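1. give me a model of this one.
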Amino acid sequence: MLTGDSKEVAKGVAQELGIDDYFAEVLPDDKYKYVKQLQEKGNVVLMVGDGINDAPALTQADTGIAIGAGTDLAVEAGDVVLVRSNPLDAVRLIVLSKKVYRKMIENLIWALGYNTVAIPAAAGAFAAWGFFLRPEIGAFVMSLSTVIVVANAVTLKRLNLDKI
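-> Next up, the predicted model:
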């Protein structure tokens with residue numbers, strides 16, 4: 001955590017959020033430098049900010065999260081804009097992004113597996129073994145594949161991020 005607040009305030013917030021490493025009393029110009037130093041050490045940096053002084057660090061960070069209630073410059077500098085001023089929304093965003101990525105991989109595997117078998121079958125590649133896929137059946141199965149991918153993606157709506 002990187003903040004311009006006092007060490008006491010930073011320590012309390014870091015403990016409440018479960019953050020081990022924090023830097024307090026950081027001047028606005030130094031936020032960018034801290035982010036760059038952390039990246040040079042091989043760290044992936046996620047920066048959350050709401051003010052003009054956060055904009056350079058938001059831009060430098062691997063992912064910049066701007067608080068929507070902040071300044072327009074911070075909102076423009078961020079990769080993602082949170083509409084509420086709740087720091088836990090950044091955690092929810094990370095959880096959601098991991099779940100979405102997993103669904104993308106699942107759907108990619110399903111579609112790739114289906115197309116690897118169904119397209120050659122529709123083209124008659126398995127005719128030598130007596131397997132023929134009629135065009136109307138191929139079209140139906142293709143539509144069914146799309147429905148399965150969409151249904152799998154829709155399961156994300158059941159995700160309850162308020163419990164985080």
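2. show me the helices in the protein, by range?
-> For the chain, the helices defined by DSSP state H cover 7-17, 28-40, 55-60, 72-77, 88-122, 135-154.
3. just put these in TSV and tack on mean pLDDT.
-> Shown next, in TSV, are the helices of the chain (pLDDT from 0 to 100):
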stretch	mean pLDDT
helix 7-17	91
helix 28-40	91
helix 55-60	90
helix 72-77	82
helix 88-122	89
helix 135-154	87
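4. ok, K103 touching L156?
-> Yes. Counting by C-beta atoms under 8 Å, K103 touches L156, with 6.0 Å between them. From N, CA and C alone the C-beta is placed, and that goes for glycine too.
5. out of the helices of the chain, which gets nearest to I164?
-> Among those, helix 88-122 comes nearest to I164, with 5.2 Å by C-beta to C-beta.
6. would you mind measuring from the most centrally placed residue in the chain to D62?
-> In the chain, the centroid-proximal residue (C-alpha atoms, centre = their mean) is S97; its distance is 3.0 Å. Look at S97 and D62: by C-beta to C-beta, to the nearest Å, they are 13 Å apart.
7. before we move on, what about R92?
-> Taking C-beta to C-beta, one finds R92 at 18 Å from D62.
8. more neighbours, those two?
-> R92 (16 against 13; other C-beta atoms under 10 Å).
9. and the more buried one, how close does it get to V83?
-> Relative to V83, and taking C-beta to C-beta, R92 is found at 12 Å.
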